[in-house]
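**Student:** Next one to model:
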Amino acid sequence: MSILTTVCSLKFRTKSDEEFKEVFRRAQEALENGIHPVLIPIGSSGSYFIRDKNLENIAVFKPSDEEPFAALNPKWPKFFQRWLCFCCFGRACLIPNNGYLSETGASIVDDMLELRIVPKTRIRSLASPSFFYSRCCGHCEIRPKEGSFQLFVKGYESAQTVFSRWDYDKSLLSQAEEERFKYLFQKMIVLDYIIRNTDRHMDNLLIRHVPGEVIELAAIDNGLAFPVKHPECVSRFRTFPFRWTHYRWANEPWDTELRMHLLSSISPAFLHDLCHELKILFRYKQINSRYLVFNQMRVVRGQVWNLYDCLAKNEQPADLTNKEPILVTRRYRRSRPTNDNWSQWFRAHPCQYNHRSCC
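**Tutor:** Next comes the predicted model:
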């Protein structure tokens, strides 16, 4: 059974999976011809551009053992933080070194809600001397590494760069493009809120804006998401608030088309299916305990519960951040929900703030 099948059941496959398979085939072909990945200099982990035989970037690969606090991370700043500033080591609300699973989880959420803003991401294995390996007596064994394999998006710029250009020249964004971008930006809000992304900023939100062409958005770097507890309930100072709340698209009413799509898609049955897929992913090879994944799903359900409530009341997207964080558990055991009565199938619990630490 392929890794792709392991982390995403056949029920939720999409046509883009065929594109993904073709890109991965091209990546393997390039490796066989001696064209190896290139380490991305920015960022806090070992991330690599994967190229095809024409030396074009086609994907981004993030090995699981080169994550920010993993043993083989090639970036020195995190090594020093691990040893010299251990009190602020990692994020207490997240499972350590699960970034590659989180990247894949964000792609699954994107697929199931048909948001189409996260480049297709799945778990794959690659071997290359470009990666970092442990050495014994000066020698290292080049073995396959598992990690997140994300399709590369071409022609995109960071949101910070694009926003600066729009602020300088207001005429660059037409009214139709403004409405289109609001639609895309609010999709990103939905994604970030459900996965409780703790690291969205304007450098990992990419925009493709070419005059005369359809404006597009890509939400990348989703590795610091899916916490086991709400950040607000874990730390007094490191709460990782959503940074998109101050932008005007978050403080305008929901795009009508997006709101109707989400209201028709999100239901108790949908939430059951979503958590089922995510549990398959985060229990991959039994890397995480059932208890940790159980806590992750409580947070996800709480986020979806609040999102649906916000949509049903037609509140603004920014109002999501004013809702009290909750944890939601199932009232049922195995049977899939058969109606839209949320209280019949799920139970909401308030978060506890009693045991918050400083970090």
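
**Student:** residue nearest the centroid of the protein?
**Tutor:** residue 222 (3.0 Å; Cα atoms, centre = their mean).

**Student:** got the phi/psi numbers for it?
**Tutor:** Phi and psi for residue 222, reported as degrees, to the nearest 10, are phi -100, psi 30.

**Student:** so where's the chain uncertain?
**Tutor:** Applying pLDDT under 70 to the chain flags the ranges 1-15, 75-90, 135-139, 358-359.

**Student:** how about the strands of it, start to end?
**Tutor:** 38-39, 48-51, 57-63, 121-126, 145-151, 157-158, 205-208, 216-219, 326-330, 346-350 (DSSP state E).

**Student:** Can you tell me which of the ones you listed is packed in deepest?
**Tutor:** Counting by mean count of other Cβ atoms under 10 Å, strand 145-151 has the highest mean neighbour count of the strands of the chain, with a mean of 24. Yep, even glycine has a C-beta here, placed from its N, CA and C like the rest.

**Student:** Give me the residues contacting it.
**Tutor:** Strand 145-151 is contacted by residues 3, 19-20, 23-24, 27, 50, 58-66, 99-101, 103-104, 107, 119-127, 131, 220, 223 when judged by Cβ atoms under 8 Å, 6 or more residues apart in numbering.

**Student:** With adjacent residues omitted, what lies nearest to residue 352?
**Tutor:** For residue 352, ignoring the flanking residues on the chain, the nearest one in space by Cβ to Cβ, 6 or more residues apart in numbering is residue 233 at 6.3 Å.

**Student:** wait, residue 275 sits on residue 298?
**Tutor:** No: assessed by Cβ atoms under 8 Å, residue 275 is found out of contact with residue 298, at 9.5 Å.

**Student:** neighbour-wise, which of these two wins?
**Tutor:** residue 298 (22 against 19; other Cβ atoms under 10 Å).

**Student:** Now do the same contact list for the residue nearest to the more buried one when sequence neighbours are not counted.
**Tutor:** Leaving aside its chain neighbours, residue 298 sits nearest to residue 327 (4.1 Å; criterion: Cβ to Cβ, 6+ apart). Contacts here follow Cβ under 8 Å, 6+ apart; on that basis residue 327 touches 230, 298, 299, 301, 302, 348, 349, 350, 351.

**Student:** The stretch 151-300 of the chain: helices as residue ranges?
**Tutor:** 159-168, 175-195, 256-265, 268-282, 290-312 (DSSP state H, counting those that start in this stretch).

**Student:** Determine the number of other residues adjacent to the closest residue in space to residue 278 that isn't next to it in sequence.
**Tutor:** Distances taken as Cβ to Cβ, 6+ apart put residue 105 closest to residue 278, at 5.6 Å, once the chain neighbours are dropped. Residue 105 has 29 neighbours, counted by other Cβ under 10 Å.

**Student:** And residue 284, by the same measure?
**Tutor:** Neighbour tally, residue 284, other Cβ under 10 Å: 18.

**Student:** ditto for residue 253
**Tutor:** 12.

**Student:** Surely the residue nearest to the centre of the chain is in contact with residue 103?
**Tutor:** Yes: using Cβ under 8 Å, residue 222 makes contact with residue 103 at a distance of 5.3 Å.

**Student:** overlap in contacts of these two?
**Tutor:** Shared contacts of residue 222 and residue 103 (Cβ under 8 Å, 6+ apart): residue 121.

**Student:** now do the same end-to-end measure for stretch 41-57.
**Tutor:** 15 Å (Cα to Cα, to the nearest Å).

**Student:** Which residues does it contact?
**Tutor:** Contacts for stretch 41-57 (Cβ under 8 Å, 6+ apart): 26-27, 29-30, 33, 35, 37-40, 58-63, 66-68, 70, 72-75, 77-78, 99, 126, 128, 130-132, 149, 152, 154, 221, 223.

**Student:** try 7 Å
**Tutor:** The contact list for stretch 41-57, computed with Cβ atoms under 7 Å, 6 or more residues apart in numbering, reads 26-27, 29-30, 33, 35, 37-40, 58-63, 66-68, 73-75, 77-78, 99, 130, 132, 152.
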